[in-house]
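*Asks:* Kindly return the folded structure for what I paste below:
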Amino acid sequence: MNSTRNIMALIETLLADGGELGVRELGMRTGIPKSTVQRFLSGMEENGWVAQDKRTQGYRIGYKLLGQSNGWALRLALVNQSQELLKALCNQTGQSVSLCTLDGFSGLSVAASLPEDASALAGRRAKLFDLHAGAAGKALLAFAPEPLQKYIVYSEPKSYTSATITGSKELLAEIEKIREKRYAVSVEELVPETAEAAAPILNPDGTVMAVLAIGGAKNSVVPQFEAFRGVLQKAAARLRKSILDS
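*Replies:* Now for the predicted structure:
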């Protein structure tokens, strides 16, 4: 737990600064001993979470986190290239369809297509949402950078309903299942009488680029979980190819 807190403290400090910080400055801002800061930064650099300027010896956010913290160009491309796809999925399934990305420590709905009869309860999601509850959030979490994943799992997630997964052991098992299937489902985890299915769109390195989700009233979505799996994964593959080829 202390290791996870230290890693997240370093990441949050680098994100907030937006530039480069040295080991000494990071230690002063986070309260972490200099030797510990250096040890964590070395491991984080090896995995692409941070990068060091060899000339100044300062550290900045690495390529893996840049896509999460400053991915406006990617989000714009996703929105522009997904509009027709979202409409087609909405018409095909009769359900609300959304495209979501990571935004710091939350999920962000960047685009959506809703059927005309979608109720506010079953058809609309919050612009920003937690990563531990709901199919879209869990699909983002399952393929998120490991430090972020650990932070969410061990940070006492909020319970929205009796179906919300809040225990670390249960949430880790759910993440593993989603990674294996590349598909997530949820029933009443955020809002009673609603359900959702989601499939990730992955970067070449296996981290999450975005998630496509279908959601609506429980009684109309749950019976279609298996059918939606194929629909979402096929659509996710199409959108991924479109983005990577552009």
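*Asks:* which residues make contact with stretch 164-178 from outside it?
*Replies:* Contacts to stretch 164-178, defined as CB atoms under 8 Å, 6 or more residues apart in numbering, come from residues 132-133, 138-139, 141-142, 149, 153-154, 156-159, 184, 189-190. Quick note: C-beta positions are derived from backbone N, CA and C, even for glycine.
*Asks:* out of everything not next to it in sequence, what's closest to F129?
*Replies:* G107 (4.8 Å; CB to CB, 6 or more residues apart in numbering).
*Asks:* I figured the one you found hits S98, correct?
*Replies:* No. Taking contacts as CB atoms under 8 Å, G107 lies outside contact range of S98: 9.9 Å.
*Asks:* center of the chain - which residue?
*Replies:* Geometric centre of the chain, nearest residue: L140, 3.0 Å, by CA atoms, centre = their mean.
*Asks:* So which of the contacts of stretch 164-178 wins on neighbours?
*Replies:* The member of the contacts of stretch 164-178 that has the most neighbours, counting by other CB atoms under 10 Å, is A139 with 34 neighbours.
*Asks:* Contact partners for the closest residue to Y183 other than its chain neighbours?
*Replies:* In space, and not counting its chain neighbours, Y183 is closest to R229: 5.0 Å by CB to CB, 6+ apart. Applying CB under 8 Å, 6+ apart to R229 gives the contacts 181, 183, 197, 199.
*Asks:* roughly how far out does stretch 84-102 sit from the chain middle?
*Replies:* The chain centroid and the centroid of stretch 84-102 are separated by 18 Å under CA atoms, centre = their mean, to the nearest Å.
*Asks:* what helices or strands is the strand or helix carrying A198 leaning on?
*Replies:* For A198, the host element (DSSP states H and E) is strand 194-202. The helices and strands touching strand 194-202, judged by 3 or more CB pairs under 8 Å, 6 or more residues apart in numbering; DSSP states H and E, are helix 135-142, strand 184-187, strand 208-217, helix 218-221, helix 225-245.
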